[in-house]
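In: Below is the structure, and that's it, no one-letter string:
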């Protein structure tokens, strides 16, 4: 009974913590894209809006976010990694500030999916423009996302075989999502 009273007190004081998306029994970050969009209906609209705005296909956007955070808006790098990367896109603080300044999206948060998917679209679109990466070259887009535009241009990824493998997995997931998306209701 004490636990119920404590919970009631916390709720009345507004101290309850919001439940993350992953608490939804229909949500499985390793599941298919149809299942993800069924569990989070607003995500599809946000992803489609970003795809149209930036010219990056929905499956690519979703594959990058899957790789970066497994769709966890509260994701952070391991404690031993000294990085300001946060949220769905694992965007660093300075890069996020650049996005806000460039797009005028002043209220954007890395832990809000609609902002995160817009950021990923914007950043990958910049990789196309700055680095000449094709929208179909998902592995190369991911390498530019991970290494930054300058790092990609300097080909820093060539010394990271593990990262090249990750980029191929992102491309594979993007193809999987593309096929699944055609079957969604």
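Out: Alright, I've got the coordinates. The model shown is predicted, which means the values in this text are computed figures rather than measured ones.
In: Please make it C-alpha for all contacts and neighbour counts, starting now.
Out: Will do.
In: now residue 176: how far from residue 151?
Out: Distance from residue 176 to residue 151, counting by CA to CA, to the nearest Å: 28 Å.
In: gap between the most centrally placed residue in the chain and residue 75?
Out: The residue at the geometric middle of the chain, judged as the C-alpha nearest the mean C-alpha position with CA atoms, centre = their mean, is residue 65 (2.6 Å). In this structure, residue 65 and residue 75 are 11 Å apart, going by CA to CA.
In: shared neighbours of those two, anything?
Out: Common contacts of residue 65 and residue 75 (CA atoms under 8 Å, 6 or more residues apart in numbering): residue 88.
In: next one: the one helix or strand residue 95 maps to to chain centre, how far?
Out: Using DSSP states H and E, the element containing residue 95 is helix 93-103. Using CA atoms, centre = their mean, to the nearest Å, the mean C-alpha position of helix 93-103 is found 15 Å from that of the whole chain.
In: List the buried residues for that helix?
Out: By 16 or more other CA atoms under 10 Å, the buried positions in helix 93-103 come out as 96, 99-100.
In: Kindly report the same for stretch 125-133.
Out: Taking 16+ other CA under 10 Å as the neighbour-count basis, stretch 125-133 is seen to contain the buried residues 125-128, 131, 133.
In: cool, and stretch 110-123?
Out: Residues of stretch 110-123 classed as buried under the neighbour-count rule (16+ other CA under 10 Å) are 110-111, 113-123.
In: Sort out which of the residues you listed are in helices and list them.
Out: With helices identified by DSSP state H, the entries of the buried residues of stretch 110-123 that belong to them are 113-123.
In: would you turn those residues into TSV with distance to residue 27 and pLDDT?
Out: Shown next, in TSV, are those (distance: CA to CA, whole Å; pLDDT from 0 to 100):
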residue	distance to residue 27	pLDDT
113	14	98
114	17	98
115	20	98
116	18	98
117	18	98
118	21	98
119	23	98
120	21	98
121	23	98
122	26	98
123	26	98
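In: Pipe those residues into CSV and attach distance to residue 41 per row.
Out: As requested, these are arranged in CSV below (distance: CA to CA, whole Å):
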residue, distance to residue 41
113, 11
114, 12
115, 15
116, 16
117, 14
118, 16
119, 19
120, 19
121, 19
122, 22
123, 24
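In: of all those residues, which comes closest to residue 90?
Out: Distances from residue 90 to these, taken as CA to CA, are shortest for residue 116 (8.9 Å).
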